[in-house]
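Engineer: Just need the structure, nothing else, for what follows:
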Amino acid sequence: MARERDETKRTAILETSKKLFAEKGYHGTSISDIIKELDIPAGTIYTYFKSKDHILIAAIEEGWEDFMNRLEDACANVTDPEKKLEIIVTIFLPELFNDTELITLILTDGIRFINLADKLNRLSYFIANILADIAQKHGSRAVLAPKDTMAALTIFFLGTIDTVRLIQKDIVPLKESDVINFIKLMIQSGFNITL
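Structural biologist: Below you'll find the predicted structure:
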């Protein structure tokens, strides 16, 4: 007899697994570790996921999809492109900093299961369109091509995330707000706008 699915349990499995994978590494975490942490019967996990690989993939894919959907929704009804960029830098980037588990999974063990280029492409094209709208608003022709936007985004994204991880471990004497302020300064000076 098949077990009935409960989305609360599925979410708990994903969140606990994400935390353990980020802390102990994917290979350092067993299904038994997840079961023990959740205090659930062994078969419960297999009601929702075929394997540990499927848990990792779901944690990354669903986490990234949720992040991007909320970002796109937040900007959908905003007409001013500078305001959209401000939303990204002041709301969604700090939110991403708070989910370093997701970023850790994407950049470590999860990288072999997902298509990082697709995720960066989606974000890059989204940001490139905003930057093009800013350039048009100011009558400028200086627009980064999507490939250049992807390169800049990847460098900033990876560097920012690594910096924040070091800040969170008290290795670097900065605050997350210092990182946000630096990014805002780079955008403001690069595009001659105020965020």
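
Engineer: Need the single longest helix in this protein, by residues.
Structural biologist: In terms of residue count, the longest helix belonging to the chain (DSSP state H) is helix 52-76.

Engineer: tell me the contacts of Gly63?
Structural biologist: Under the criterion of Cβ atoms under 8 Å, 6 or more residues apart in numbering, the neighbours of Gly63 are Lys18, Asp99, Leu102, Leu105. (Glycine included, C-beta is placed from N, CA and C.)

Engineer: can you pull the pLDDT of it?
Structural biologist: Per-residue pLDDT puts Gly63 at 93.

Engineer: what about this protein, any weak spots by pLDDT?
Structural biologist: Along the chain, segments meeting pLDDT under 70 span 1-5, 141-144, 146.

Engineer: per-domain residue ranges of it.
Structural biologist: Per automatic domain parsing, the structural domains of the chain span 1-49, 61-191.

Engineer: Just put those domains in a markdown table and tack on distance to Ile55.
Structural biologist: Written out in a markdown table, the entries for the domains of the chain read as follows (distance: least, Cβ to Cβ, whole Å):
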| stretch | distance to Ile55 |
| --- | --- |
| domain 1-49 | 5 |
| domain 61-191 | 10 |
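
Engineer: Which of the contacts of Gly63 fall in strands?
Structural biologist: Per DSSP state E, strands hold no members of the contacts of Gly63.

Engineer: For stretch 150-157, which outside residues touch it?
Structural biologist: Leu120, Asn121, Leu123, Ser124, Ile127, Leu144, Ile183.

Engineer: for the contacts of Gly63, which one is nearest Thr29?
Structural biologist: Closest to Thr29 out of the contacts of Gly63 is Lys18 (10.1 Å), distances taken as Cβ to Cβ.

Engineer: Relative to Asn77, how far out is the closest one?
Structural biologist: For Lys18, the distance to Asn77 under the criterion Cβ to Cβ, to the nearest Å works out to 31 Å.

Engineer: higher neighbour count, the two?
Structural biologist: Here Lys18 and Asn77 are compared on neighbour count by other Cβ atoms under 10 Å; more neighbours surround Lys18, at 23 against 6.
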